[in-house]
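>>> no sequence on hand, only this structure:
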């Protein structure tokens, strides 16, 4: 029996605090009470029977005093009662009273009220006694012709279950239902009838479908879904039928129901790999994404498109649809946009890159015009990165992209501007022909840059790549414009003095003469005044940065001025002009040094920045060829090395990705013939409907389950000892956000255990969903109890509890068996993930919980220890392999992972090999873990502590 055919039972919530009533009081209520009292009494009887009470004395009372009532609530409760009440004697024969009940059922099946008829038919699906059903068969058949669709619909279901369980009672059921289906007009009745034919007599279902295959589009969506399932199953079992039904699937792609379109597209892809079929299915998926408003639906359907792309032969078809895929960017959700851009980037080729870039440029400009939303900045960043990748892969596009992107260097959002700057830096190094354009654009936007970090990067680029006399002069002009009036200290003091009111005093201390490191004199004026908190005046950007105390940009400026001055000297032959330019550069550096030493900035200049500026002054005063080489050649070579290493790494990861996707077939591989393949060997042709149903029920078969160690037995936890009166063991099934405990309870005694209850409690961020209901266990009997636990965050949780029970006939108190603790492993929720260095550093600074773990291991090799930690924590190493290669006695690496709840975990491994202790000495050092939540940091630390030592196999 498949998962789809499992019988559904009625579940009843039992209030645990109420005292069970006596049989006499219940009998009294059922006999003499009014309808309300009888309803309440019947509910109590049902709950008591569910708890294991037999109550045989009440059966006749209910038949006499409750069964004849016409109240609908009573009728509904009676159906539940007849479902659960024992209907046979201990030797397995049907109780005499059941004949009376059977007569009551027959009357209900002929009742004028369609609700009573329909619910009775629904109830008959749950009956397992053929003797009770036999007298009812004519009445059930008659219900197929009832005027109301509710009755007919349930009549079909009743006939289906009776035919499946007791075929001899209605041997002509498929024929009967086929005739019913031909004449039926109601969609839900047709769906149930067709569903029955699929499972009971597939040939008849196919015959019916063949007769109306052209009208399939006019059917209701519930029937269309069943038709898709039938076609899939038939073609799956018998591939020669594909040609007969594939046109029908094509037609269903045009259905008005999104569910039908989704299933039809999925089925079409599994049935045919022809480019037209793939294109039609992909187009259908794209339409669904655009038209559906739910973001979860969009993400699921996008995943299906990503799956299609993974197939090498389908990729080319999808490349033609890139422009359609980009229509999804109209969705405001960032996750959807992120996935869409990634998919588009994977599909980009020389044929469609131009169109892609045009669309992305429009999107970038659009983000500039919309009102600021928290995701707008992140979206702009995504677009910039996508354009960056396109330009690196297709250099011809860079010239179109750069002018648009460079406008964003003056953006308020530093992250997006930083991405643009990184792109510009790579482009100016790689593409010589674009250098004049980039320098020109950079000079245009230079004065508008608002962020100091971007300003530093722009200075570096201008200093490194300005090669003509005119460009160098332009850079100097821009720097002077950005610095404002010089000398800075004097002009600032004058400004202060001019703007202060007469009653406010300013005292300028006596000027001190200082000797700098180069032996020249520098004057420092100490300004001491209680300046009023007035509105900040408009200062030139660079001057503003310096007065805020950010002198790192000054060191960067000094290097840039030195580079362009040295280059100017080599370009211009006139000594006078050379000296004039160098003097101007030195004056700017000296005035910044002077400002740094004064009390004007909010923070004084650091010694490092003083050293750097002083060094640049010294280089310009000497102008030696060696320094010229270092400043103008070595810097660029370093960048070139870094970019080539990065490119190599990207190529390597792409190669690994393509190797994964390319299905390599060896010359001596066996050829599989479909006709000769046993049904259980058709692994590549798994039933998608069955798989999706299992996935929804949480019974997904993981790929690693092929390994016997990863089987179910590996996850069984023993909860009690073998000598305990009750033995219990649990299988822990982790299904993303919830944990299912399947507990096997075995009564090892010769007594009947009543009210045997599994009592559980949790520690950590776990929550018990429902209390398992009590059981009655016969001597040496066993039962399975299921308990659901919800998980709210990533941390180690513990489930503990006990089993309590009463011994039948004993006067003693309740007995109790304490269970062992079940530890929930954090690794089930952690997955490796990747992020950029900048994001890692930002998160490292933001996360407040840190856990420092001391390395205590028996592993003697640094690399081996790192691999061991990666394997045991499910984290990903962000430090590139090249940086870890070689051997130098120590190692530092950054690790990153993300939980299924969206929590980030960072780790920094700093380890060394103590050489002085000999070659066999184990690795020493520390691992620092940072996370947003305390539980994540502690749990990850515990996991590392437990798994540090390598177990000898």
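Perfect, thanks for sending it. What you are looking at is a predicted structure, and each value in this text was computed from that prediction instead of being measured. Residues are numbered from 1 along each chain as shown.
>>> did I read that right, residue 740 in a strand?
Yes - with DSSP: H, G, I helix; E, B strand; the rest coil as the criterion, residue 740 is located in a strand.
>>> got the contact list for it?
By CB atoms under 8 Å, 6 or more residues apart in numbering, the residues touching residue 740 are 698, 732-733, 786-789. C-beta here means a position set from N, CA and C on the backbone, and glycine is covered the same way.
>>> quick one: it from residue 772, how far?
Distance, residue 740 to residue 772, using CB to CB, to the nearest Å: 12 Å.
>>> any weak-confidence spans in the stretch 551-700 of the chain?
Low-confidence segments of the stretch 551-700 of the chain, defined by pLDDT under 70: 625, 628-629, 632-633, 636, 650-651, 653-666, 669, 672-700.
>>> tell me the one of the contacts of residue 740 nearest residue 452?
residue 789 (50.4 Å; CB to CB).
>>> hang on, the earlier thing: what residues do residue 740 and residue 772 have in common as contacts?
Going by CB under 8 Å, 6+ apart, residues that sit against residue 740 and also against residue 772 are 786-787.
>>> would you point out the helix or strand in this structure whose mean pLDDT is lowest?
One helix or strand of the chain scores below all others by mean pLDDT, DSSP states H and E: strand 507-508, with a mean of 39.
>>> what sits against residue 40?
Applying CB under 8 Å, 6+ apart to residue 40 gives the contacts residue 29.
>>> make 415 the starting number, not 1.
Shifting the count to begin at 415 puts that one at residue 454.
>>> how about the residue nearest the centre of the chain: what's its closest non-neighbour residue?
The chain has residue 1314 as the residue nearest its centroid, 6.1 Å off, counting by CA atoms, centre = their mean. Residue nearest to residue 1314 in three dimensions, not counting chain neighbours: residue 1243, with 5.1 Å by CB to CB, 6 or more residues apart in numbering.
>>> can you map out the helices along the stretch 815-964 of the chain?
Here the stretch 815-964 of the chain has its helices, by DSSP state H, counting those that start in this stretch, at 828-844, 849-859, 866-879, 883-897, 902-913, 955-961.
>>> may I see the ones you listed organised as TSV, with distance to residue 544 added?
Below are the helices of the stretch 815-964 of the chain laid out as TSV (distance: least, CB to CB, whole Å):
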stretch	distance to residue 544
helix 828-844	72
helix 849-859	86
helix 866-879	81
helix 883-897	94
helix 902-913	102
helix 955-961	90
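>>> and those helices, which one is worst for confidence?
Among the helices of the stretch 815-964 of the chain, helix 902-913 carries the lowest mean pLDDT, a mean of 72.
>>> now it: buried residues?
Across helix 902-913, burial judged by 16 or more other CB atoms under 10 Å covers 902-903, 906-907, 910.
>>> same question, stretch 525-536
528, 530-536.
>>> now do stretch 476-495
476-477, 479-481, 488-495.
>>> closest to residue 1302 among those residues?
residue 494 (74.9 Å).
>>> just to check, that closest one is in contact with residue 460?
Yes - proximity of residue 494 to residue 460 meets the contact threshold set by CB atoms under 8 Å, at 5.8 Å.
>>> pull the residues that contact stretch 468-479.
437, 440-441, 444-445, 452, 456, 459, 462-463, 492, 495, 499-500, 509, 511, 514-515, 518.
>>> pLDDT averaged over it - what is it?
82.
>>> chain center to that stretch: distance?
55 Å (CA atoms, centre = their mean, to the nearest Å).
>>> chain neighbours aside, what residue packs nearest to residue 905?
residue 899 (4.2 Å).
>>> for the one helix or strand residue 703 maps to, packing partners?
Taking DSSP states H and E as the definition, residue 703 sits inside helix 689-705. In terms of contacts (3 or more CB pairs under 8 Å, 6 or more residues apart in numbering; DSSP states H and E), helix 689-705 is packed against helix 672-685, helix 709-724, helix 726-733, helix 736-739.
>>> determine which stretch of the ones you listed is the most buried.
Across the helices and strands packed on helix 689-705, averaging neighbours per residue (mean count of other CB atoms under 10 Å) puts helix 672-685 on top, at a mean of 22.
>>> what residues does that helix touch?
Contacts of helix 672-685 (CB under 8 Å, 6+ apart): 635, 638-639, 642-643, 645-646, 649-650, 656, 660, 663-664, 666-669, 691-692, 694-696, 698-699, 701-702, 705-706, 711, 715, 718, 722, 1102.
>>> list the contacts of the closest residue in space to residue 1345 that isn't next to it in sequence.
With sequence-adjacent residues excluded and distances taken as CB to CB, 6+ apart, residue 1345 is closest to residue 1351, at 4.2 Å. Contacts for residue 1351 (CB under 8 Å, 6+ apart) come out as 1263-1265, 1319, 1343-1345.
>>> tell me the buried residues in stretch 1321-1333?
1321-1323, 1325, 1327.
>>> let's see which of these end up in strands.
In strands, judged by DSSP state E, the following of the buried residues of stretch 1321-1333 are found: 1321-1323, 1325.
>>> just give the nearest non-adjacent residue to residue 735, would you?
In space, residue 735 is closest to residue 696, 5.5 Å off (CB to CB, 6+ apart).
>>> so that neighbour sits against residue 731, correct?
Yes - at 6.8 Å, residue 696 and residue 731 qualify as touching, with contact defined as CB under 8 Å.
>>> so what's residue 1020 up against?
965-966.
>>> ramachandran coordinates for it?
phi -90, psi 160 (degrees, to the nearest 10).
>>> same thing with residue 514?
Torsion angles, degrees, to the nearest 10, at residue 514: phi -70, psi -40.
>>> repeat for the one 10 residues further on
When read as degrees, to the nearest 10, the backbone of residue 524 gives phi -110, psi 10.
>>> and for residue 1339?
In terms of degrees, to the nearest 10, the main-chain angles of residue 1339 are phi 140, psi -160.
>>> what's the end-to-end length of stretch 858-871?
By CA to CA, to the nearest Å, the extent of stretch 858-871 from end to end equals 15 Å.
>>> which residues outside it are in contact with it?
Under CB under 8 Å, 6+ apart, the answer for stretch 858-871 is 820-821, 823-826, 828, 831-832, 835, 839, 872, 876, 892, 895-896, 954-956, 959, 964, 966-967, 970.
>>> which of the residues you listed are buried, as a ChimeraX select command?
Remark: buried members of those, expressed as a ChimeraX selection using 16+ other CB under 10 Å:
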select :820,821,823,824,825,831,832,835,839,872,876,892,896,955,956,959,964,966,967,970
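>>> ok, back up a step: what's the neighbour count on the residue nearest to residue 905?
The local packing of residue 899 (other CB atoms under 10 Å) involves 14 other residues.
>>> now do it against residue 972, distance only.
Separation of residue 899 from residue 972 (CB to CB): 19 Å.
>>> hang on, the earlier thing: show the buried residues in the contacts of helix 672-685.
635, 638-639, 642-643, 645-646, 649-650, 660, 663-664, 666-667, 669, 691-692, 694-696, 698-699, 701-702, 706, 715, 718, 722, 1102.
>>> okay, residue 1053 and residue 839: tell me how far apart.
Residue 1053 is 7 Å from residue 839, by CB to CB.
>>> let me fix that: residue 514
In terms of CB to CB, residue 514 sits 90 Å off from residue 839.
>>> no further questions, thank you.
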